[in-house]
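Student: below are the sequence and a predicted model for it; my questions follow.
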Amino acid sequence: MSRVALHVRVTGVVQGVFFRAWTQQQANRLEVRGWARNAPDGSVEGHLEGEETAVQQLVDLLHQGPPSAQVDKVEVEASEPEGAHRFEVRHR
């Protein structure tokens, strides 16, 4: 099993629509670790760590988001692992 770490930024209508909580639910279901937080520019950014297939499934889900969101773009870049033990919603 190959493990990866990614930094993601999701833009669109993604704040105030339970995007971070929804991301946490999806991450927990897929056993992905890391965090998600609102960014000052109105986007949601996050750090995802875990088995490559599970992380990619979560990235794919981020393109859709929860029903109340409108995702315009998902930017993904490789990142260094942070050693996360769970997925958390951060408040900056």
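Tutor: That came through fine.
Student: now do the strands in the protein.
Tutor: 3-13, 33-38, 44-51, 70-78, 87-90 (DSSP state E).
Student: got a list of contacts for stretch 73-84?
Tutor: Outside stretch 73-84, the residues that touch it by CB atoms under 8 Å, 6 or more residues apart in numbering are 3-12, 33-35, 47, 49, 59, 62-63. Quick note: C-beta positions are derived from backbone N, CA and C, even for glycine.
Student: are any of those residues buried, and which?
Tutor: Those of these that meet the buried threshold are 4-6, 8-12, 33-35, 47, 49, 59, 62, by 16 or more other CB atoms under 10 Å.
Student: what about the chain, any weak spots by pLDDT?
Tutor: Along the chain, the model assigns pLDDT under 70 to no residue.
Student: what bridges to the nearest residue to residue 91 once chain neighbours are set aside?
Tutor: Closest residue to residue 91 apart from its sequence neighbours, by CB to CB, 6 or more residues apart in numbering: residue 37 at 6.9 Å. When bridges are called by DSSP bridges, residue 37 pairs up with residue 45, residue 90.
Student: right, and residue 37 touches residue 89 too?
Tutor: Yes: in this structure, residue 37 is within contact of residue 89 by CB atoms under 8 Å, at 7.2 Å.
Student: one step back: tell me the one among the buried ones among the contacts of stretch 73-84 nearest to residue 21.
Tutor: Of all those, residue 35 has the smallest distance to residue 21: 12.5 Å, by CB to CB.
Student: wait, that closest one touches residue 88, no?
Tutor: Yes: between residue 35 and residue 88 there is a contact under CB under 8 Å: 5.0 Å.
Student: in this structure, which residue is most central in space?
Tutor: residue 46 (4.7 Å; CA atoms, centre = their mean).
Student: for that residue, what are its contacts?
Tutor: Contacts here follow CB under 8 Å, 6+ apart; on that basis residue 46 touches 7-10, 23, 34-37.
Student: how about 6 Å then?
Tutor: The contact partners of residue 46, by CB atoms under 6 Å, 6 or more residues apart in numbering, come to 8, 36.
Student: ditto for residue 10
Tutor: 43-44, 62, 71, 74.
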